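>>> got a sequence here, can you build the structure:
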Amino acid sequence: MREKYESQLRELHQELSKMGAMCEHAVALAIQCVTRGEETLIQQVYDIDSTIDKQEREIENLCVKLLLKQQPVATDLRDISAALKMISDLERIGDQASDIAGLSVYIPEMPIPAMEDLRTMAKEAIRMVNDSIEAFVKRDLVLARQVIGYDDVVDGLFTKIKQDLTAAIAQDPDQGEKWLDMLMVAKYLERIGDHATNVAEWVEYSILGKRSKDGVMPE
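Presented below is the predicted three-dimensional model:
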């Protein structure tokens, strides 16, 4: 019985890794829509988002089976509970990738303030998603806490982009609506970083039974 249970836990980790990889891919494609004007990729992002939604339901069903049909020990119970929380954040990342892709049709094909910072922000947000899932699968507390700390980097990039775009609007009010669309893209990336942070915090919970923000001091 335990052998079957361990197999199902491995399956859970594999499915979470797949869902995380899909989120990374969706964000990467969405940013290409914005930074390269590749509007042909928009539908691909929407399709990936739909697959992410389906994956969320499948992982949720797997978690319920593990809880109802097996007898998880305390550590495994935290693992499964954390996974249920994580898939909600990953599903939101897919939604925000779709939102970014949808905004791309309003982004002008002209030099855009803060574009390089936006590319960097997207790269770092994607890295956070990847590392948070890897931390869960490997039960790597150090990596999880690195992700949590790295949210400050993504937040800092958002602040800089917001300042640059605000200055651009002041200089050229006629382009203000377009720059606001760019600011929304940056805001969605900031939220993606927040969701990756949430995932990393649930990794902490799965290992320690508590999260940093609940009062766990770094070791």
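>>> which other helices and strands does the helix or strand of the chain with the lowest mean pLDDT contact?
Ranked by mean pLDDT, DSSP states H and E, the weakest helix or strand in the chain is helix 2-35, scoring a mean of 89. When contacts are defined as 3 or more C-beta pairs under 8 Å, 6 or more residues apart in numbering; DSSP states H and E, helix 2-35 packs onto helix 42-69, helix 74-103, helix 115-138, helix 176-208. In short, each C-beta sits where N, CA and C put it, glycine included.
>>> ranking these by burial, who's on top?
helix 176-208 (a mean of 22; mean count of other C-beta atoms under 10 Å).
>>> now the angle from the least confident helix or strand of the chain to helix 42-69?
On the basis of axes from the mean of the first three to the mean of the last three C-alpha atoms, to 10 degrees, helix 2-35 is oriented at 160 degrees to helix 42-69.
>>> what comes up buried for helix 2-35?
By neighbour count on 16 or more other C-beta atoms under 10 Å, the buried set for helix 2-35 is 5, 8-9, 12-13, 15-16, 18-20, 22-27, 29-35.
>>> one step back: and residue 148, which of the helices and strands packed on helix 2-35 is closest to it?
Evaluated over the helices and strands packed on helix 2-35, closeness to residue 148 peaks at helix 176-208, with 5.0 Å, by C-beta to C-beta.
>>> quick one, the closest one and helix 74-103 angle?
Counting by the same axes, to 10 degrees, helix 176-208 lies at 170 degrees to helix 74-103.
>>> close enough to count as contact, residue 212 and residue 147?
No. Here residue 212 lies out of contact with residue 147, judged by C-beta atoms under 8 Å, at a distance of 11.1 Å.
>>> between the two, which is the more surrounded one?
Comparing residue 212 with residue 147 by other C-beta atoms under 10 Å, the one with more neighbours is residue 147, at 26 against 17.
>>> measure residue 144 to residue 35 for me?
The gap separating residue 144 from residue 35 is 29 Å, by C-beta to C-beta, to the nearest Å.
>>> no wait, residue 59
31 Å.
>>> can you check residue 181 too?
Plainly put, residue 181 is 13 Å away from residue 35 if you go by C-beta to C-beta.
>>> need the overlap of contacts for these two.
Common neighbours of residue 181 and residue 35, using C-beta atoms under 8 Å, 6 or more residues apart in numbering, do not exist here.
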